[in-house]
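# Following is a predicted model, sequence given first.
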Amino acid sequence: MSLAATPLHALDSPAEDHHGEGARLRALGPVVGVELPGGVAAWLITRQEVGRQVLADERFVKDPAAWGALRRGEVPADWLLTPFVTVRSMTTATGLDHRRLRAPLARAFTARRVRSLEPRVAALTGELLDAMAEMPARSAGEPVDLRACFARPLPIRVICELFGVPGQRAPRVRALCGQLFGTISSTPEEVAAVRVALRTEIAELIDERRAHPDDDLTTALIDAGGAAADEDAANAHQEDGLSESELSESELVDTLMLMLVAGHETTVNLLVNAVRALLTHPAQLALLRDGREPWTAAVEETLRWDPPVANFPFRYARCDVELAGRTVSEGEPVLLGYTAFGRDADQHGPDAGEFDLARSPARQHLTFGHGIHHCLGAPLARLEASVALPALFARFPKLSLGQADPPPLGSLIFNSVRGLPVMLE
């Protein structure tokens, strides 16, 4: 049965309970027809193994040109997620085009470069913890918002240093990122204006680094974008005037914008979700304090149990595909439910709903994706969390929640809470 003939289940538009919704939809089957806010129909994958199949299946592509409803003009022009799913970058490219766009970033974003950031991540973490210790709320015995004063500023400062964003430009970039994700009440016009302003900042950064190269990701990406690629990719883009693996100016801006956005908000959510999970599971936190479990286990279990991304759009079927008893017709979109995957008992066992640091590593999560679109920034996110979490709990050993149930972020894509009030003493 195709999507058009399938009863659709409306997704919770306020996005107040991703895990509850994931459990309800998992009970309906591994592939469920859903209606997204704005009246857009899609298939939602609720089981991890089926999600893995989709991520590895070349019949599903990320190029929005393959989306039938978009081609036919059935998606509202002002749909809030349109900029997200149509941006020109490696996340929406297919085949040789994807390889051409991803290869320069893979060459620039090396394991060595990520490892070299560890001392700086530790230093930035220490600076933020020092600032928290001096906050008036601490001496007054009042809660502080950990999301605002720790989880949000750390990743953006790290990634600004990784990109080589100059000191005079960094506050503006950080402010724009905060505006981009800072509220759920922004209109499409407001979001579009922030995106334009952020693109302008990135374009100016690229011009600066062309004139004054440095040891940073922007310079490395500019250099790698002109490096030799395979012959097929070179031939495929001769008509565009691009030599070998060279990126167009727009593609270079979009690639850096992708890394800035993807490397920021997801890591913010990872840190917030990890702290909240540990504070609500004191026996698990004790395992870390006593050294019985490594802090990397807390990172991985948070990524599974309460991932920073709830649902990720879209893959599109290039042809009719039989998937777990459903027919996904050519041109239909597929949404991947990562919060549903993380607590899938078929994959993670009957205790999938429990937060357990000793869980078998053999039951791996899919939070960073799988296959050719696996997240290039995963090592950086893991590094930041594995440095920041132990430092936070060591500095404030009596850290506790200041609010039992903080309001959810309210995002279809991201999974976290808007703020995390904590008591430092």
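Cool, got the structure.
# Past the helix or strand that contains residue 41, which element shows up next along the chain?
If you go by DSSP states H and E, residue 41 is part of strand 40-45. Once strand 40-45 ends, the next helix or strand along the chain (criterion: DSSP H and E) is helix 48-56.
# Following the chain past that following helix, name the next helix or strand.
Downstream of helix 48-56 (by DSSP H and E), the next one is strand 60-61.
# contact partners of that following strand?
54, 94, 95, 315, 316, 317, 318, 321, 334 (CB atoms under 8 Å, 6 or more residues apart in numbering). (Glycine included, C-beta is placed from N, CA and C.)
# what helices or strands is the strand holding residue 41 leaning on?
Here strand 40-45 touches strand 31-36, strand 311-317, strand 333-337, helix 338-342, going by 3 or more CB pairs under 8 Å, 6 or more residues apart in numbering; DSSP states H and E.
# just how off-centre is the third one within its chain?
It refers to strand 333-337. From the chain centre to the centre of strand 333-337 is a distance of 15 Å (CA atoms, centre = their mean, to the nearest Å).
# Against which helices or strands is the helix or strand in which residue 137 is found packed?
In this assignment (DSSP H and E), residue 137 forms part of helix 136-139. Contact partners of helix 136-139 among helices and strands, from 3+ CB pairs under 8 Å, 6+ apart: none.
# model confidence over it, on average?
Summarised as a single mean, pLDDT over helix 136-139 is 83.
# Now that helix: buried residues?
137, 138 (16 or more other CB atoms under 10 Å).
# pLDDT weak spots in the stretch 101-250 of the chain?
181-186, 188, 225-246 (pLDDT under 70).
# out of the contacts of strand 60-61, who's nearest residue 390?
residue 54 (35.6 Å; CB to CB).
# Contact partners for that closest one?
Counted by CB under 8 Å, 6+ apart, residue 54 has contacts 45, 60, 315, 323, 334, 336.
# what sits up against the host helix or strand of residue 298?
Taking DSSP H and E as the definition, one finds residue 298 inside helix 295-305. Residues from elsewhere that reach helix 295-305, judged by CB under 8 Å, 6+ apart: 270, 273-274, 277-278, 284, 288, 342-343, 348, 355-359, 361, 365, 367-368, 382, 385-386, 389-390.
# Those residues in helices, which ones?
270, 273-274, 277-278, 284, 288, 342, 348, 382, 385-386, 389-390 (DSSP state H).
# Save those residues as TSV, and put in pLDDT and neighbour count too.
Below are those laid out as TSV (pLDDT from 0 to 100; neighbours: other CB atoms under 10 Å):
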residue	pLDDT	neighbour count
270	97	27
273	98	22
274	98	24
277	98	18
278	98	24
284	98	20
288	98	18
342	97	27
348	95	22
382	95	18
385	97	27
386	97	19
389	98	22
390	98	16
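# could I get those residues as JSON lines with distance to residue 149?
Listed next are those as JSON lines, based on distance: CB to CB, whole Å:
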{"residue": "270", "distance to residue 149": "17"}
{"residue": "273", "distance to residue 149": "17"}
{"residue": "274", "distance to residue 149": "16"}
{"residue": "277", "distance to residue 149": "19"}
{"residue": "278", "distance to residue 149": "18"}
{"residue": "284", "distance to residue 149": "24"}
{"residue": "288", "distance to residue 149": "22"}
{"residue": "342", "distance to residue 149": "27"}
{"residue": "348", "distance to residue 149": "33"}
{"residue": "382", "distance to residue 149": "22"}
{"residue": "385", "distance to residue 149": "17"}
{"residue": "386", "distance to residue 149": "20"}
{"residue": "389", "distance to residue 149": "15"}
{"residue": "390", "distance to residue 149": "18"}
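# Which pair of the residues you listed spans the longest distance?
The farthest-apart pair in the ones in helices among the contacts of helix 295-305, when distances are taken by CB to CB, is 348 and 390, at 25.0 Å.
# So residue 126 is in contact with residue 391, correct?
Yes. Look at residue 126 against residue 391 with CB atoms under 8 Å: they come within range, at 6.9 Å.
# More neighbours: which of those two?
Comparing residue 126 with residue 391 by other CB atoms under 10 Å, the one with more neighbours is residue 391, at 18 against 13.
# Apart from its chain neighbours, what residue comes closest to the more buried one?
Leaving aside its sequence neighbours, residue 391 sits nearest to residue 125 (CB to CB, 6 or more residues apart in numbering; 4.9 Å).
# what do you get for residue 135?
That would be residue 144: by CB to CB, 6+ apart, it lies 5.7 Å from residue 135.
# same check, this time on residue 70
residue 64 (5.8 Å).
# For the one you found, the count of nearby residues, please.
Counted with other CB under 10 Å, residue 64 comes out at 19.
# any idea how far it is from residue 145?
36 Å (CB to CB, to the nearest Å).
# got it, and residue 211?
Taking CB to CB, one finds residue 211 at 39 Å from residue 145.
# Between those two, point out the one with more neighbours.
residue 145 (19 against 7).
# Not counting sequence-adjacent ones, nearest residue to that one?
Using CB to CB, 6+ apart, the nearest residue to residue 145 is residue 419, at 4.5 Å.
# Is it correct that residue 118 is in contact with residue 387?
Yes. Between residue 118 and residue 387 a contact is recorded at 6.5 Å, counting by CB under 8 Å.
# With neighbour numbers in mind, choose between the two.
Neighbours per residue (other CB under 10 Å) separate residue 118 from residue 387, with residue 387 holding more: 23 against 13.
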